[in-house]
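Participant: this is a predicted model, with the sequence first.
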Amino acid sequence: MIVLILKFDQKLQFVHIMHKFAILESLNIISLAFCIIKHFYTRILRPKLKAINRYKKKKNCLKK
């Protein structure tokens, strides 16, 4: 009976550890996705936005 309880306790601890690991993994995935989005934004979107703003400013200058 004691052995059974010990085995059950070990299983619970294992599940608990795995659960913590799963939470950490999902956080890692979220942070990785955030890094990729940030990288994409700084590499591709920001230059385009700057170019669009420059174009708008030129248009405004032409209107004046």
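Facilitator: Happy to help now that I have it.
Participant: in this structure, which spans are strands?
Facilitator: Assigned strands in the chain: none (criterion: DSSP state E).
Participant: which residues of it score low on pLDDT?
Facilitator: Along the chain, segments meeting pLDDT under 70 span 1-6, 63-64.
Participant: if we use 80, what do you get?
Facilitator: When residues are selected by pLDDT under 80, those of the chain lie in 1-21, 23-24, 58-64.
Participant: would you map the helices across it?
Facilitator: Listed in chain order, the helices of the chain (DSSP state H) span 2-40, 46-63.
Participant: check the offset of the first one from the chain's centre.
Facilitator: A distance of 16 Å separates the C-alpha centroid of helix 2-40 from that of its chain, computed with Cα atoms, centre = their mean, to the nearest Å.
Participant: going forward can the numbers begin at 263, since that is how I track them
Facilitator: Will do, 263 is the new start, and the previous item becomes helix 264-302.
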